[in-house]
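> here are the coordinates; sequence isn't available:
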């Protein structure tokens, strides 16, 4: 059974700091990995998708890496801003034709202090 | 292009009542998912579908049912509501090898 863990559960940093969020998964036979952002009381917004054949993806100040062999992904946020405060979730996708599933971690609650 | 739309946004049910949470998408996604989110527990997969006419159980399917008669619609049915089903429910749609798109959620309280 695929299990996805995110560390730390919560993180508070001063504005301008660079930070790393971690995601680990137990079954390395994944198809894709996605990072999402969730604001309080809202749905999830996709930030980055890394396909299994890729090592990293970048979007603006965000960079996500994937190491399938070790079952790890990291989300790097450069020059953090108060607007980055949210919960960040990773999800692994296991594709099996008729059994495509998206399994989530428990998330990291990020607070960026002005 | 509205994306993934869920209704209602909020609902209070009495124990034993039934209801259907609606989810519709206009992005022609093959894959659709229903999740529940409880505080500190992340998102748990209830049911999913890989296409019209095909559904399968996720991690926590007990007490729920789904159908996928069309590509666009993926309703979630609660037959006998229980307090343990108090949660926030999210529907999502996804196409092969692309990002998943989520609805805004339905906050359900069972009293």
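Okay, I see it. Computed from a predicted structure; not experimentally measured.
> quick one, what contacts residue A:20?
Neighbour list for residue A:20: A:74-77 [criterion: Cβ atoms under 8 Å, 6 or more residues apart in numbering or on different chains]. The C-beta positions use only the backbone N, C-alpha and C, and glycine is treated the same way.
> distance of it from residue B:72?
From residue A:20 across to residue B:72, the span is 39 Å (Cβ to Cβ, to the nearest Å).
> same check, this time on residue A:25
Residue A:25 is 31 Å from residue B:72, by Cβ to Cβ.
> so these two - more neighbours on which side?
The neighbour comparison of residue A:25 against residue B:72 (other Cβ atoms under 10 Å in any protein chain shown) goes to residue A:25, with 23 against 17.
> where does chain A have its least confident helix or strand?
strand A:101-104 (a mean of 88; mean pLDDT, DSSP states H and E).
> who does that one pair with, and is each partner parallel or antiparallel?
In the sheet, strand A:101-104 lines up against strand A:86-94 (antiparallel) (DSSP bridges).
> pLDDT below threshold where in the chain?
Assuming you mean chain A. Low-confidence segments of chain A (pLDDT under 70): A:95-100.
> actually chain B
If you take pLDDT under 70 as the line, chain B has these spans: B:1.
> so which residue is dead centre in it?
Nearest to the mean C-alpha position of chain B, counting by Cα atoms, centre = their mean, stands residue B:34 at 3.2 Å.
> tell me the SS of the residue lying closest to residue A:2 once chain neighbours are set aside?
Nearest residue to residue A:2 in three dimensions, chain neighbours excluded: residue A:27, at 4.5 Å (Cβ to Cβ, 6 or more residues apart in numbering or on different chains). Assigned by DSSP: H, G, I helix; E, B strand; the rest coil, the conformation of residue A:27 is coil.
> so what's residue A:27 up against?
By Cβ under 8 Å, 6+ apart, the contact list for residue A:27 reads A:1-2, A:71, A:92, A:94.
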